[in-house]
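K.L.:
Compute the structure for the input listed below.
(2 chains)
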Number of protein chains: 2
Amino acid sequence: MATAQSSQAIGRIFKARSVAVVGASGNPSKFGYMTLDSIIRGGYEGQIYPVNPKGGELFGLKVYRSIKDVPEPPDLVIIIVPARFIPAVMREAAEKGTRGAVILSAGFREAGRPDLEEEISIISKQTALRFVGPNVQGINYLPNKLCAMFFPVITKRGPLSVITQSGSATAALSEWAADEGLGICAAINLGNQTDLCESDYLEFLAADADTKSMALYIEGLKDGPRFLEVIGKTGPRKPIVILKGGKTQAGQQAASSHTGSLAGSHAVFEAACHQYGVLTAVNLEHLYDCAKALATMRKPKGNRVLSIATSGGMGTLAADEAEPQGLTLPPLPDAFIDELRSQEITPFANMENPLDMGVITAEDFQKIVMLAEQYDVADIILMNLGDPVPGMPEITQHLLENTDVSIAVSYLGGGEQEKIGRMKMLEMGIPVFRTPDRAMRGIGAMVKWTAYHRRCQGLKRKPIENRREHFNGGEKFVLEPEAVEYLRPYNIRYPEHGMAGSPEEAADIADRLGYPVVMKVVAKDVYHKSDSGGVAVGIQTRHSVINEFSEMISRVRSKRPDASIEGLMVCKEAPPGLEVIVGAIDDSIFGPTIMFGLGGIFTEVYRDVAFRIAPLSRQDAEEMIREIRGYPLLEGTRGKSGYDIQQLIDLILRISQLVTERPDIRELDLNPVRLFKKGLTVLDVRMFVEERV
Amino acid sequence: MATAQSSQAIGRIFKARSVAVVGASGNPSKFGYMTLDSIIRGGYEGQIYPVNPKGGELFGLKVYRSIKDVPEPPDLVIIIVPARFIPAVMREAAEKGTRGAVILSAGFREAGRPDLEEEISIISKQTALRFVGPNVQGINYLPNKLCAMFFPVITKRGPLSVITQSGSATAALSEWAADEGLGICAAINLGNQTDLCESDYLEFLAADADTKSMALYIEGLKDGPRFLEVIGKTGPRKPIVILKGGKTQAGQQAASSHTGSLAGSHAVFEAACHQYGVLTAVNLEHLYDCAKALATMRKPKGNRVLSIATSGGMGTLAADEAEPQGLTLPPLPDAFIDELRSQEITPFANMENPLDMGVITAEDFQKIVMLAEQYDVADIILMNLGDPVPGMPEITQHLLENTDVSIAVSYLGGGEQEKIGRMKMLEMGIPVFRTPDRAMRGIGAMVKWTAYHRRCQGLKRKPIENRREHFNGGEKFVLEPEAVEYLRPYNIRYPEHGMAGSPEEAADIADRLGYPVVMKVVAKDVYHKSDSGGVAVGIQTRHSVINEFSEMISRVRSKRPDASIEGLMVCKEAPPGLEVIVGAIDDSIFGPTIMFGLGGIFTEVYRDVAFRIAPLSRQDAEEMIREIRGYPLLEGTRGKSGYDIQQLIDLILRISQLVTERPDIRELDLNPVRLFKKGLTVLDVRMFVEERV
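P.N.:
Numbers count the residues shown, from 1 in each chain, chains lettered A, B, ... in the order given. Now for the predicted structure:
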């Protein structure tokens, strides 16, 4: 369905001025009771029409026997009846003139009834009745005071919107935000996403003025390329943080290439988010902290943090988290220190960053922050409280009104003062965190997002449309001489070579190429040539070529008696250099994806690799090269000069273009690619393409 | 001071039946007021004697003008007067017959008055008045209801004891424990540790029946070897968890060896804790969660976890944290699944581990846990709640009484039921965590500690006494031929070699050794020989040796014109193999410490190294080899046979013995050590010893 239509449909659902609750019940243990109760307790101000064939009255409201009997077409129907009755309810609602539904009931695909799910999907398309669910806890949209969710009832309105695939995550994130005063704008449980899906909600909330940041918990995606398209537009404008569950379960994709076995869905997912400007979280509290920071903090100019602590220990804990978050604690300028000393705030202060002031008052904090702004000490100021400090909310509010600095607060060990202060500050939209390291992670998220925001200015991304659905699942190994032909149109260097069927043929090729040469077996069932004795390097003479020909064939035959050997490839040997791997895989979620790393143990044991979704921008290629830990090897260390990174970037971009233009490529390893001080060459190509039936 | 004496002294302080509060005040903004108020609000049941020259009455108690006037010798004096008056107060108290003090006041070493600190130390030794502090928030010991701490007043008694170098950390950990129902046994703020120190408190609490686990926040150690001795005895018997602040600040020790530059205090600290059976935490909440688990969980038999969740999402998040914590989620036995199905608890259950049951009742949990025990499904059962589940405290209590399984609970998204349930369960001593991943980290801590406990049975460790105090700070580079002599008595293999002063001498040595040979420059100011062109390998003929001699000298001279070259070493070249690094450094906290890693980029870029404090047990050496990520390279991968790990263990143990017996060795790199399928040889020795003045 078209994007704008879905967004409008969600708007109609969330902003409904009248709702019918089909399956409303008087039994407090039923979802039909709980949901109606939630709508009422949530303070909904529109018309509520409980519907139940039994009729009567509930919560003082007249119960209608069917939707037909409701006096007006309700803007929204909430459906909480057994799954088998739902098609009829949907038709009735559509006939009445309703255009939106939230289907809470389970009993579809997840319960072995894909047919029923297909049926409601068709009804939706036929009748234009768009819906949330089925199999959801519900939705809560506080700007309309509409809590159509059987649990929990959250009425604390705030800047955070929550989208999750788990009712528990919806509840936990909403409760945390409500309990500490931050509040939420919307909470959406995804369920089966038969009609409306994660990308639709993201798009709606991106345009929703009350939503300042979005926290997502997901385990998969309904449509990867559409998701990329939406976050590519939204991510850099309104912050999104995602926690993806199922890191280990999803496991590695079954794959024959190195790239494939290293990909796994999680590493690729993380890379896709980073590339498209969306933050990822490592756990539920981290998700919450990042979303809180992104919803409340001012955009900082840079990554310099000043920590002003009432406690040396808390300053230390903040400092320990700086480097992992890409933050710096700049030294304090002398003029600032002098000025601070002259204010005689405390005799025991430690004039370094983190600033350890000992026990000081809220007014002292104000003085120090104003001074820090005046001397441009840092881009972000962390007020790092480890004691009860009365009056912080007022002072912080004052600072926000009278300075331009980006502020965050960490507050612990403060007893009742802390609890009151935290609540008041979060209600004012001031980011308060529970420990110094959580504060630093929040600040880190804000700094990272600001960089995304900057990076993505003007950058138009066009993800590749989903090609996966046309793929029948079979793949075929491509013999190396053929695979090399795929590279040729993209000007990718591969050594001069020839294909030999006999020792003499091999020797003639070698004579023509010049020595030394490399010989490699070509057989459609030998993917790992070296392991089968199918590679020989440094062959110096015609005589050795002739000997090696028969030796290699007998080595391979002894290890792989079933191998159907097509011949041997003879290649001109390349000069020494640094070996890396460049690969590509057709990711099951995002489509063609590029991998880069150092070869061998660095990829296999240290997993020091970087991924990007194709097509890549030049900046993507540059960043993925710099991202690996082994980057110093490429750049040159200890006075050794580095390798040709510009050509490596070009190679990566050409491979990105290749896999974008050739949808039949499933997996591709250029392993190794040998880098020189100037230039590079691919030394081996392993490729799998779609098997056509 | 003798250990047992310190422990007794702490016992007298913590269990005091009468306390004098010197510096008691009527002004609520003074620590003298707050502390007296805390003692009263804490519910202290012994005699309280406020002391203040002004006399009068406070909180309905008579105020004495001096300690002399107090009607009995108080068991304990709490001192909160300006630092300069403290020596007099201590003398007076000692004269009165008091043997213990808590000195809250600051104004000593930390404020530029080491003289005053020295004075109170001397008074303590002269008078046998032992003391906590100075410069502390105070102590709280709940078995005696003695809250001699100006903030916070915690009265919720529980199994957790807290020792910290930060008042804020003391307050935060105590408040968290009190707020959620767990409670604390003791809270101790370390301060300057002029007399009693971290190891003394650890020893006291190790013997304290009410303390079930100890959480420490520290930034340094007063005495490293004594600490090792205490944790070596205590750690495996009563769980200790430590968070060490200052990871990045402490920085790397200035060092000329690889081992030295890689050590830094934090990596060594972590290794020491692991080796001696103490857990380390990554942040304050992790510290709390681990200590909670260790204080409350039953010792599990193994690392198999069954997660029973009311929510698929929460099960997924638990599973994602299993591998990082060294836990497994075993598949469910068929018989268990059949039995569970027959109970018809829910139609939608997902019969895998993590078990996703959907919304179930507390009674359902009971059935499933009993069944899981019957079928020995796992060693630990995580009841993973993502919804309000009434009745959990009673059911969990029942399970603890009627099963032997080790249980943990994760509870979130449960609204009021969750808050009530969490409090009740923690009051009963049931470990409840705030998220599934925090629960898994708690479980992981318990499993790890159980392994420590098992490993350390019968193992007697003898740390080396502190040699650091005799070290004047200067160190001297040892020429390689001399350094090799240090190794000789320990039977450490080094290639046959000779020292040559002329080309002909070099050639004669080479002729005698046999070709190929390696030549190395010997100069006391050239530590990095390769970088200065001072190493040549694979020299095949007498002629080449003669040529290389002058070439090497001129290369080194051109790079290091100031080098004072003593000659060249000629060594027999070793066969190829795998190169590793074995090193040692005299750590500033723990003394001689051994490092192991793969050489080159693996240590420099990937920092894939392991440390152990000398002396090492054979198991220590084995574990440190297995600990590095690159271990598969040693073990052999992809059908390649491995290297001689037994000889490597022997080498590490010999180096441990060497540095234990030779206190003059400051830094030592055996880099590389070349491993063969059978045997090994050291190829290069870089050594720094103490410079004697």
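K.L.:
What backbone torsions are found at A:G60?
P.N.:
phi 80, psi 10 (degrees, to the nearest 10).
K.L.:
try the one 5 residues further on
P.N.:
For A:R65, the backbone dihedrals are phi -70, psi -30 (criterion: degrees, to the nearest 10).
K.L.:
next one: A:V518
P.N.:
The phi/psi pair for A:V518 (degrees, to the nearest 10) is phi -120, psi 140.
K.L.:
okay, which residue is most central for chain A?
P.N.:
Residue closest to the mean C-alpha point of chain A, counted by CA atoms, centre = their mean, is A:C273 at 3.5 Å.
K.L.:
okay, it: pLDDT?
P.N.:
Note for A:C273: predicted pLDDT of 94.
K.L.:
What of A:D562?
P.N.:
87.
K.L.:
Pull up the gap between it and A:S588, please.
P.N.:
Per CB to CB, to the nearest Å, A:D562 is found 30 Å from A:S588. C-betas here are computed from N, CA, C, even on glycine.
K.L.:
Likewise for A:H274?
P.N.:
19 Å.
K.L.:
do the same with A:Y141
P.N.:
33 Å.
K.L.:
And for A:V102?
P.N.:
30 Å.
K.L.:
Looking at those two now, which is surrounded by more residues?
P.N.:
A:V102 (29 against 16; other CB atoms under 10 Å in any protein chain shown).
K.L.:
quick one, what contacts the more buried one?
P.N.:
A:V102 is in contact with A:13, A:76-79, A:131-133, A:136, A:138-139, A:148, counting by CB atoms under 8 Å, 6 or more residues apart in numbering or on different chains.
K.L.:
got any ranges where chain A has weak pLDDT?
P.N.:
A:1-3, A:248-264, A:348, A:458, A:468-472, A:637-640, A:693 (pLDDT under 70).
K.L.:
how's it carved up into domains?
P.N.:
Here the domain assignment for chain A is A:3-211, A:298-439, A:496-572, A:578-690, based on automatic domain parsing.
K.L.:
And those: which comes nearest B:N52?
P.N.:
Nearest of the domains of chain A to B:N52, taken as CB to CB: domain A:298-439 at 22.1 Å.
K.L.:
now the helix or strand hosting A:F336: how far from the chain's centre is it?
P.N.:
Take DSSP states H and E as the rule and A:F336 turns out to sit in helix A:334-342. Taking CA atoms, centre = their mean, to the nearest Å, one finds helix A:334-342 lying 44 Å from the centre of the chain it belongs to.
K.L.:
show me what contacts the closest residue in space to A:E627 that isn't next to it in sequence?
P.N.:
Once flanking residues are discounted, A:E627 sits nearest to A:A610: 4.3 Å by CB to CB, 6 or more residues apart in numbering or on different chains. Going by CB under 8 Å, 6+ apart, A:A610 touches A:271, A:595-597, A:623-625, A:627-628.
K.L.:
Verify the stated contact: A:Y515 with A:T541.
P.N.:
Yes: taking contacts as CB atoms under 8 Å, A:Y515 lies within contact range of A:T541: 6.7 Å.
K.L.:
Count the residues that sit near the closest residue to A:S617 other than its chain neighbours.
P.N.:
Nearest non-adjacent residue to A:S617, counting by CB to CB, 6+ apart: A:L459, 6.8 Å away. If you count neighbours by other CB under 10 Å, A:L459 ends up with 13.
K.L.:
Over to A:L616?
P.N.:
By other CB under 10 Å, neighbour count at A:L616 equals 23.
K.L.:
cool, and A:R618?
P.N.:
Count around A:R618 with other CB under 10 Å applied: 11.
K.L.:
Next: A:Q343.
P.N.:
Neighbours around A:Q343, by other CB under 10 Å: 11.
K.L.:
contacting residues around the residue of the stretch 351-500 of chain A found nearest chain B?
P.N.:
For the stretch 351-500 of chain A and chain B, the shortest gap (CB to the nearest CB) falls at A:G386, measuring 2.5 Å. By CB under 8 Å, 6+ apart, the contact list for A:G386 reads A:309-311, A:313-314, A:412-414, B:166-169, B:171-172.
K.L.:
Give me the nearest residue to it, chain neighbours excluded.
P.N.:
That would be B:S168: by CB to CB, 6+ apart, it lies 2.5 Å from A:G386.
K.L.:
list the contacts for that neighbour?
P.N.:
Contacts of B:S168 by CB under 8 Å, 6+ apart are A:310-311, A:313-314, A:386-387, A:412-413.
K.L.:
again, 10 Å this time
P.N.:
A:309-315, A:317, A:384-387, A:410, A:412-414, A:435-436, B:137, B:189, B:217, B:284 (CB atoms under 10 Å, 6 or more residues apart in numbering or on different chains).
K.L.:
try A:G32
P.N.:
A:G32 touches A:21-26, A:50-52, A:58, A:78-81, A:104-105, A:150, counting by CB under 10 Å, 6+ apart.
K.L.:
Same check on A:T170?
P.N.:
A:136-140, A:149, A:151-152, A:154, A:162-164, A:184, A:187-190, A:215, A:217, B:313, B:386, B:413.
K.L.:
Mark which of those are part of helices, please.
P.N.:
Among the contacts of A:T170, DSSP state H puts B:G313 in helices.
K.L.:
Of the contacts of A:T170, grab the buried ones for ChimeraX.
P.N.:
Buried residues among these (16 or more other CB atoms under 10 Å in any protein chain shown), as a ChimeraX selection:
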select /A:136,137,138,139,140,149,151,152,154,162,163,164,184,187,188,189,190,215,217 /B:313,386,413
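K.L.:
Tell me which entries of the contacts of A:T170 lie within strands.
P.N.:
Counting by DSSP state E, the part of these found in strands is A:138-140, A:149, A:162-164, A:184, A:187-189, A:215, A:217.
K.L.:
Out of these, which are close to chain B?
P.N.:
Checking the ones in strands among the contacts of A:T170 against chain B by CB under 10 Å from any CB of the partner chain, the ones in range are A:164, A:217.
K.L.:
Now distance to B:S342 too, for the ones in strands among the contacts of A:T170, in a markdown table please.
P.N.:
Formatted as a markdown table, the ones in strands among the contacts of A:T170 follow (distance: CB to CB, whole Å):
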| residue | distance to B:S342 |
| --- | --- |
| A:G138 | 33 |
| A:I139 | 37 |
| A:N140 | 38 |
| A:M149 | 34 |
| A:V162 | 38 |
| A:I163 | 38 |
| A:T164 | 33 |
| A:I184 | 42 |
| A:A187 | 37 |
| A:I188 | 37 |
| A:N189 | 32 |
| A:A215 | 40 |
| A:Y217 | 34 |
